[in-house]
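In: Sequence and predicted structure below; questions after.
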Amino acid sequence: MSAPTPQPFSDDDRVADGPFGGHEFGVRERGRYTPRPSAYVIVVDARNRIATVHTPGGMFLPGGGLQSNESASEAAVREAWEEAALVVAIQTQLCRASQLVFAADLGAHIDKRSTFFVATLERADSSGGERDHRLHWLPPAAAATSMKHESHAWAIEQLPR
């Protein structure tokens, strides 16, 4: 099965200086940080559970880095498919935040400038997704406390109640 075609969505993915969206998480260590635009989806199912992805590196929202000439919404849709075999439709942009991390594999400090979207689930394909990624549906509070990155937990907390 091929990746879904992203639905059109108007978003502005320009990276500005300073905390992306005004919110910065993590500890800023000495050294240069490379900006890395990324996008994630928050998908809530009919039982009010949030889609999370368990990887060898921890628990995250479905999403990841933008490719060249890709908008944040396009990346979020593509990454949800690649990581968890979720076909999603973007509903709205929820929030933006920076997550400061050290990427040991790159030996570099990264400023993950993340855009978080609320999306609806169109379908899931249990045979897809990355081999070392496992999809888990968790209640919002459990999802938030399970996140490796504080920015992901914070984004979940921004959902309207």
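Out: Everything's here; your move. Numbers count the residues shown, from 1 in each chain.
In: Give the residue farthest from the middle of the protein.
Out: R30 (25.8 Å; C-alpha atoms, centre = their mean).
In: pLDDT value on that one, please?
Out: As predicted, R30 sits at a pLDDT of 84.
In: quick one, what contacts V53?
Out: When contacts are counted by C-beta atoms under 8 Å, 6 or more residues apart in numbering, V53 touches M59, F60, L61, P62, E83, A84, H133, R134, L135, H136. From N, CA and C alone the C-beta is placed, and that goes for glycine too.
In: which residue packs closest to the first one, ignoring adjacent ones?
Out: Put plainly, it is M59. With sequence-adjacent residues excluded and distances taken as C-beta to C-beta, 6 or more residues apart in numbering, M59 is closest to S146, at 4.4 Å.
In: ok, L135 - contacts?
Out: In this structure, L135 makes contact with A51, T52, V53, H54, A84, A85, L86, A124, G129, judged by C-beta under 8 Å, 6+ apart.
In: wait, I meant H23
Out: Going by C-beta under 8 Å, 6+ apart, H23 touches C95, R96, A97, S98, S151, W154.
In: will you turn the residues you listed into CSV that also has secondary structure and distance to S71?
Out: CSV is the format used below for these (DSSP: H, G, I helix; E, B strand; the rest coil; distance: C-beta to C-beta, whole Å):
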residue, secondary structure, distance to S71
C95, strand, 17
R96, strand, 13
A97, strand, 18
S98, strand, 19
S151, helix, 19
W154, helix, 22
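In: And the pLDDT at the residue sitting nearest the centre point of the chain?
Out: With distances taken as C-alpha atoms, centre = their mean, Y40 lies nearest the centre of the chain, 2.2 Å away. The model reports Y40 with a pLDDT of 98.
In: I figured it hits A119, correct?
Out: No - in this structure, Y40 is not within contact of A119 by C-beta atoms under 8 Å, at 9.5 Å.
In: hang on, the earlier thing: just among the contacts of V53, which is most surrounded?
Out: Of those, L61 is surrounded by the most neighbours, 30 neighbours in total, counting by other C-beta atoms under 10 Å.
In: Tell me which residues touch that one, please.
Out: Contacts for L61 were tallied using C-beta under 8 Å, 6+ apart; they are Y40, V41, I42, I50, A51, T52, V53, F116, M147, H152, A155, I156.
In: Pick the one among those residues closest to G26.
Out: Among the contacts of L61, H152 lies closest to G26 (C-beta to C-beta), at 11.7 Å.
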